[in-house]
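J.: fold the following for me, if possible:
(chains A, B, C, D, E and F)
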There are 6 protein chains.
Amino acid sequence: MLAGERTTNGWLALGSTFSAEIMGHAGFESVTVDCQHGMFDFHQMLPMLQALSATPATPIVRVPWNDPAIIMHALDAGAYGIICPMINTAQEAKKLVHAARYEPLGGRSYGPARGLLYGGADYFEHANAEIVVFAMIETREGIANLDEILSTSGVDGVYIGPNDLALCLGAKPGSDFTDQRVVDTIAHILARARAHGKFCGIFCANGAAGAKRRAQGFDLVTLGHEGSLLASAAKAAIETALASGSGLDGSQSGY
Amino acid sequence: MLAGERTTNGWLALGSTFSAEIMGHAGFESVTVDCQHGMFDFHQMLPMLQALSATPATPIVRVPWNDPAIIMHALDAGAYGIICPMINTAQEAKKLVHAARYEPLGGRSYGPARGLLYGGADYFEHANAEIVVFAMIETREGIANLDEILSTSGVDGVYIGPNDLALCLGAKPGSDFTDQRVVDTIAHILARARAHGKFCGIFCANGAAGAKRRAQGFDLVTLGHEGSLLASAAKAAIETALASGSGLDGSQSGY
Amino acid sequence: MLAGERTTNGWLALGSTFSAEIMGHAGFESVTVDCQHGMFDFHQMLPMLQALSATPATPIVRVPWNDPAIIMHALDAGAYGIICPMINTAQEAKKLVHAARYEPLGGRSYGPARGLLYGGADYFEHANAEIVVFAMIETREGIANLDEILSTSGVDGVYIGPNDLALCLGAKPGSDFTDQRVVDTIAHILARARAHGKFCGIFCANGAAGAKRRAQGFDLVTLGHEGSLLASAAKAAIETALASGSGLDGSQSGY
Amino acid sequence: MLAGERTTNGWLALGSTFSAEIMGHAGFESVTVDCQHGMFDFHQMLPMLQALSATPATPIVRVPWNDPAIIMHALDAGAYGIICPMINTAQEAKKLVHAARYEPLGGRSYGPARGLLYGGADYFEHANAEIVVFAMIETREGIANLDEILSTSGVDGVYIGPNDLALCLGAKPGSDFTDQRVVDTIAHILARARAHGKFCGIFCANGAAGAKRRAQGFDLVTLGHEGSLLASAAKAAIETALASGSGLDGSQSGY
Amino acid sequence: MLAGERTTNGWLALGSTFSAEIMGHAGFESVTVDCQHGMFDFHQMLPMLQALSATPATPIVRVPWNDPAIIMHALDAGAYGIICPMINTAQEAKKLVHAARYEPLGGRSYGPARGLLYGGADYFEHANAEIVVFAMIETREGIANLDEILSTSGVDGVYIGPNDLALCLGAKPGSDFTDQRVVDTIAHILARARAHGKFCGIFCANGAAGAKRRAQGFDLVTLGHEGSLLASAAKAAIETALASGSGLDGSQSGY
Amino acid sequence: MLAGERTTNGWLALGSTFSAEIMGHAGFESVTVDCQHGMFDFHQMLPMLQALSATPATPIVRVPWNDPAIIMHALDAGAYGIICPMINTAQEAKKLVHAARYEPLGGRSYGPARGLLYGGADYFEHANAEIVVFAMIETREGIANLDEILSTSGVDGVYIGPNDLALCLGAKPGSDFTDQRVVDTIAHILARARAHGKFCGIFCANGAAGAKRRAQGFDLVTLGHEGSLLASAAKAAIETALASGSGLDGSQSGY
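T.: Predicted structure coming up:
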């Protein structure tokens, strides 16, 4: 599914199924439906996943919490990957895996609603192998237990939320993450994931940050939050439109 | 309300209330909820208008058609301006005005749901004066009847949809509108609106096009379609992230 | 269905299915789902009608316009009565009846979705007899053509929207409708309906106005708009709570 | 798109996006989203069309009425075919075509929201050729004007709603349509469509009726209404479960 | 409420309020709204329960998890029964009961929204007695602790999900459950429930399986998943329509 | 934000965004969106909070449970206050604070969606100071641990749900709370909150009860449940309309 190559990932927060399709066709290898900080819940996540199914992008869900009911529901609704926030211990990582994997690897309840449609009648045979599970490392406790979390069977990788990471290290969110503690911790997490042979993903504010993270070796690089992309584009359009010296008057306009 | 100065206008098509707020805070003087080609109807238009009420932007609705039921419903739901597609004759313009104005200027039915909340108990006293009505000129018939439409009492201005205008003139949509017939017709419409002392608005694909239209003298300049802004931003982010020679490796990254 | 006795009618404008149930259980003989000035459309009207089905109240829909598609859809969704705004001529009244009645009385398209569930397999046999059709008289043209409208076969009665009626007579909406022109016209409409042996209904702002209208002989008396009832109740509660001299202190409170 | 071979068509009335996917994967060549008698409107039609995009079935929309705003909106939302009820005259057929075709064949307004995503950037070039337009013949007037309707350029075929056809001929709906007038009229419509080289489609209550219609030569054969399929299946399951002599007791059950 | 006789139960997974009504009128004594594997959450569960209130079927909710917030919310929204997945210990069973019963039997928070409407002002007096609580036994741990779970005061019965049961026993889901371990365990659970004088319910794929389970003595027998019923019916209709030798041509058709 | 003066608070349970606006404009200083017993969840809470943003009222959310995912999501969606039910111990109070406060006071995850729009780019700097956290005291355990809960850093106050309080004390809900145990316990909680210098809020059934509670010194006084206000107003209107001796007949009516 996620072939281990360096993947660009889109990030859905607006709760629009039309936008989900736009992002799914934009060129990302995967698109994540963010049920934690995104402005929607299962009711809108479902048609967003359905809309993504008609695009080339692999659908991932960032669940709001390490809650088995929600993780299982997202998988039944068609998520091919789960990003779970705030994994602090190996025990929490095991709980996450338990919710995301069928027997004998876990205890996911059987009832793969959409899975039988897009995955076929043998969905059950392949689900454990195909679904990717990311644990988010974003607390002091999570950093301290990083190796144990990475050692947890069934965890495919870790995902870094730089804002929460910065917060727990005493830095500020929304910054450019140049605080040395943040820089070092991100490098540490990436190195440990590499050492364990697991994926490492990270949220980036935009394409430029994403380029740097890809160069650093991250496997899954999120390229900006849907709302931020739109807000930036809107503000840039206004700025362009209002710029003085636009150099055109009606008589000579090509329009 | 719309003070006649050159206004930048945002354009909502995604059907997201969160996105409506983002656009309402982006800096546009007005934001239009597009119920014609946007991927939503009244059910989602309502909370989008409610979301816009908490932003500095004036909410406009592009109705799907010259249908009094829909025009009145959009006004009851809080639109301060109406853009109505496909106005072809003075009779159609009068029908539009009839739907958008209370007695004695028209026949809008009384029941201004949200109007009583954001406009106050005296909403009725001010509604006719405050609400702006734009007729879209985008057919051969509409062009032929332009002066009669502009002469219609209660029509505040005209709005140009360049794609449909191009189509009716034998040019293609989605182009850069450099076809001379399109250029001339747009200039003609703007000139006639000026001559009648009425507003002239136009849809522009992006900020650069908007700058040119402002320079040409358009009063209301739409700066890109929400979905296009997002798609362009997403594609640009991917391109940036994938660009070779990003010049950074893990050892020296500032991140 | 509506047995011709003087009926109290509730009025739904909030778009809440829970509120629909509350109103349906409040004691009204009928409850009207207002799709014209109410803040919802078919998408929310459907579950509101479904919610009303479990209450003793007969569900009526005020459609937004004399549009056959919408009238038929409302009936398929379970309306037992239709109130149609802005009926101005006998021709418009016939169009309304055509949409609301099956052959041979009209041209309603067959596909009575919910009708087969709550009305039984023989819904078709009874629908024409059971469904009540009200034409709203609220324009000068409608008043002028009142007798022709009342003579239209298939129109069961007329319904008065006093606000629009006041507007078209040169009075103001939201008043107490003591303007003599309004008083006389309402009396005239009621008298003509009586003369034709048809129902006459009217919207009243509250229970006191409803009592007067019942005393005048109106058959269907709407007792306040859902939003107004709530707003008044909320403001009264605040006033009560803030009133000085509430006469209680903590030491002696019965609470 | 619709290759002219005899096509089985599914029919969506429940308003569930999950059900849309189930039906889209069931084996139908096309699936029709019924916005006329189905219990939903645009708000739910959109995600149903999005869900269908990930299935092999071609999405068709039965619009509620010959209303250009709704027809254009359905096409922008991704319909590849339009079935329009109650087409009675050549003039109405032309109005239908005008709404469904871009210039120069019609006057469809440009703004193909989802079309640009699933159809590609050149959607405009292909839309007129790919989209299929069916006029429903289901009134006496429509039958009388059948040849003119079939002669209308841009109408690809006719579609028969047997219930309304029966009604207008004096028969009852929901019957098995053995009334000779209905039998003859259906045969007549099919023959005339054949003579004009146009498609002929028909609604059938179930698979057995569909087999007969296919044998008669219909091109597009709808196989039961989603709600009826479900209701029948549920009732059959109950009957089976309650049948006496189920022949099993606990001691010998294979379960 | 559930009178202890052998009950047929419908199962809602599509998230359609119209479908809920269809199933509620199909003849089931109870209908379960499946919030665990069904493709919806509270937002759609509410109008589904409202729709069921107008049918003869008793509404049950399968909650997604043993989460007191969700259990209480489902009860406030009108569930008369709760089926809770993955009950593994007596402690978990007690937690379930605590959420579903008011003082003094449990700790359900008071605020019975819809309960006051359909249950009357004295809802509180009867709720503890009327609401039925089922614990699902579907894990090895649950099987091991079966007697303790059945002994828990306030648990009215157990409900078997054969798929998860099969999985935990090393068999496959979706099979016909003829694996001897599954057969024996189901028989064991039924026998122990009988011994404790409690209800025993089970999910069955279709009516035939339901007949067998009824013969075995199950009290509550679910007859197929809404989505499966529909998918099977649709596939059967296609098969019938496509079958060669349908033996009819146009000239002799009864249609 | 909440200035410590005696505040009247509205209570939303109907799930209507229009009603949210009506209540937000009614005069309450704050309005609480009740996600516990209200008939909606996040999907409708979001546009209700957006609607409240355009009113003078401060938006509070009563979360359904002490669940960090839900608390954080409500805050990201724009809540300025959290009322959390069933806080029984200091440990639970700390968990509540942890979810509601950013580092270093807690562990709220960063992603303040709407916060950046209405709160500005520096939302993070002010959020911990501005957001008000109420713990509900409504169980015997909570009463026993009241001082520890009030001592918990980050808890701004307690909120009393008299119904659950009555239940846990052996009294009945929905009463007038004159049971001496209830009276004494409420007085005790208020006194202890005062002693700790923290807020004390309480739910009141109506304005009269609110007046008494204000006189007793409560800081935040909820004035009736939205559904109850509406139901009472509707019943009063019916009673008024039906009252005999309304003293008016048609001939002398001022209407």
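J.: find the nearest non-adjacent residue to the residue of chain A found nearest chain F, please.
T.: Nearest residue of chain A to chain F (Cβ to the nearest Cβ) works out as residue A:37 at 2.9 Å. The C-beta positions use only the backbone N, C-alpha and C, and glycine is treated the same way. In space, and not counting its chain neighbours, residue A:37 is closest to residue F:111: 2.9 Å by Cβ to Cβ, 6 or more residues apart in numbering or on different chains.
J.: now do the contacts for that neighbour.
T.: Listed by Cβ atoms under 8 Å, 6 or more residues apart in numbering or on different chains, the contact set of residue F:111 reads A:36, A:37, A:163, F:76.
J.: where's the residue lying closest to the last one once chain neighbours are set aside, which helix or strand?
T.: With Cβ to Cβ, 6+ apart as the measure, residue F:113 is the residue that lies nearest to residue F:76, at 4.5 Å, once sequence neighbours are left out. When elements are assigned from DSSP states H and E, residue F:113 belongs to no helix and no strand.
J.: from the contacts of residue F:111, which land in helices?
T.: Applying DSSP state H to the contacts of residue F:111, the entries found in helices are A:163, F:76.
J.: how about the contacts of residue F:111 in TSV, adding pLDDT and neighbour count?
T.: As requested, those are exported to TSV (pLDDT from 0 to 100; neighbours: other Cβ atoms under 10 Å in any protein chain shown):
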residue	pLDDT	neighbour count
A:36	98	22
A:37	98	23
A:163	96	24
F:76	98	23
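J.: distance to residue F:218 added to the contacts of residue F:111, as a markdown table?
T.: Output for these, formatted as a markdown table (distance: Cβ to Cβ, whole Å):
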| residue | distance to residue F:218 |
| --- | --- |
| A:36 | 35 |
| A:37 | 34 |
| A:163 | 38 |
| F:76 | 29 |
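J.: what's the closest of the contacts of residue F:111 to chain C?
T.: residue F:76 (24.5 Å).
J.: hmm, residue F:112 and that closest one touching each other?
T.: Yes: counting by Cβ atoms under 8 Å, residue F:76 touches residue F:112, with 5.5 Å between them.
J.: what's the overlap in contacts for these two?
T.: residue A:37.
J.: where in chain A is the helix or strand with the lowest mean pLDDT?
T.: When the helices and strands of chain A are scored by mean pLDDT, DSSP states H and E, helix A:115-118 comes last with a mean of 92.
J.: so what does the next helix-or-strand element following that one touch, helix or strand wise?
T.: On the C-terminal side of helix A:115-118, the closest following helix or strand by DSSP H and E is helix A:123-130. Judged by 3 or more Cβ pairs under 8 Å, 6 or more residues apart in numbering or on different chains; DSSP states H and E, the packing partners of helix A:123-130 are helix A:115-118.
J.: the helix it packs on vs chain E: in contact?
T.: No: under the criterion of Cβ under 8 Å from any Cβ of the partner chain, helix A:115-118 makes no contact with chain E; the nearest approach is 8.7 Å.
J.: the residue nearest to residue A:37 - that's part of a helix, no?
T.: No: applying DSSP: H, G, I helix; E, B strand; the rest coil, one finds residue F:111 to be coil, outside a helix.
J.: and it, what pLDDT?
T.: pLDDT recorded at residue F:111 is 95.
J.: now the phi/psi pair for the closest residue to residue A:169 other than its chain neighbours, please.
T.: Leaving aside its sequence neighbours, residue A:169 sits nearest to residue A:181 (Cβ to Cβ, 6+ apart; 4.5 Å). When read as degrees, to the nearest 10, the backbone of residue A:181 gives phi -60, psi -40.
J.: by neighbour count, which bits of stretch A:166-183 are buried? Give me those.
T.: For stretch A:166-183, burial by neighbour count (16 or more other Cβ atoms under 10 Å in any protein chain shown) applies to A:166, A:167, A:168, A:169, A:171, A:173, A:174, A:177, A:182.
J.: in contact with residue A:21, which residues?
T.: A:51, A:52, A:54, A:55, D:50, D:114, D:117.
J.: returning to what we had before: what's in contact with the least confident helix or strand of chain A?
T.: Against helix A:115-118 from outside (Cβ under 8 Å, 6+ apart): A:53, A:75, A:76, A:78, A:123, A:127, D:21, D:22, D:25, D:54, D:55.
J.: how near is the last one to chain B?
T.: Okay, so that is residue D:55. Per Cβ to the nearest Cβ, to the nearest Å, residue D:55 is found 19 Å from chain B.
J.: report the secondary structure state of that residue.
T.: Under three-state DSSP, the three-state class of residue D:55 is coil.
J.: chain D contacts on the stretch 51-200 of chain A?
T.: Applying Cβ under 8 Å from any Cβ, we find that the stretch 51-200 of chain A lies next to chain D at A:51, A:53, A:54, A:55, A:113, A:114, A:117, A:118.
J.: burial measure for the second one, as a count.
T.: Residues near residue A:53, counting by other Cβ atoms under 10 Å in any protein chain shown, number 22.
J.: just checking, the residue nearest to residue F:76 touches residue A:38?
T.: Yes: assessed by Cβ under 8 Å, residue F:113 is found in contact with residue A:38 at 7.4 Å.
J.: ok, the two, which is more surrounded?
T.: Neighbours per residue (other Cβ under 10 Å) separate residue F:113 from residue A:38, with residue A:38 holding more: 28 against 24.
J.: what pLDDT does residue A:206 get?
T.: Per-residue pLDDT puts residue A:206 at 94.
J.: once you drop chain neighbours, what's closest to it?
T.: Spatial nearest neighbour of residue A:206, excluding adjacent residues (Cβ to Cβ, 6+ apart): residue A:224 at 4.8 Å.
J.: partners of the spatially most central residue of chain A in the sheet?
T.: In chain A, the centroid-proximal residue (Cα atoms, centre = their mean) is residue A:32; its distance is 4.7 Å. In this entry, residue A:32 is beta-bridged to residue A:11, residue A:60, by DSSP bridges.
J.: now the common contact residues for residue F:113 and residue A:38.
T.: Common contacts of residue F:113 and residue A:38, defined by Cβ under 8 Å, 6+ apart, comprise residue A:13.
J.: flag every residue of the stretch 51-200 of chain A that's near chain E.
T.: A:67-70, A:72-73, A:76-77, A:102-104, A:107, A:109-114, A:121, A:124.
J.: would you mind listing which of the residues you listed are buried?
T.: Among those, those buried by neighbour count (16+ other Cβ under 10 Å) are A:67-70, A:72-73, A:76-77, A:102-103, A:107, A:109-114, A:124.
J.: quick one: residue A:113 and residue E:40 touch, right?
T.: No: using Cβ under 8 Å, residue A:113 is not in contact with residue E:40; the gap is 10.3 Å.
J.: so who does the nearest residue to residue A:34 once chain neighbours are set aside touch?
T.: Nearest residue to residue A:34, sequence neighbours excluded (Cβ to Cβ, 6+ apart): residue A:62, at 4.6 Å. Residue A:62 sits next to A:32, A:33, A:34, A:35, A:36, A:38, A:82, A:83, A:84, A:85 when contact means Cβ under 8 Å, 6+ apart.
J.: one step back: and the residue nearest to the centre of chain A, how far from residue A:56?
T.: Using Cβ to Cβ, to the nearest Å, residue A:32 is found at 15 Å from residue A:56.
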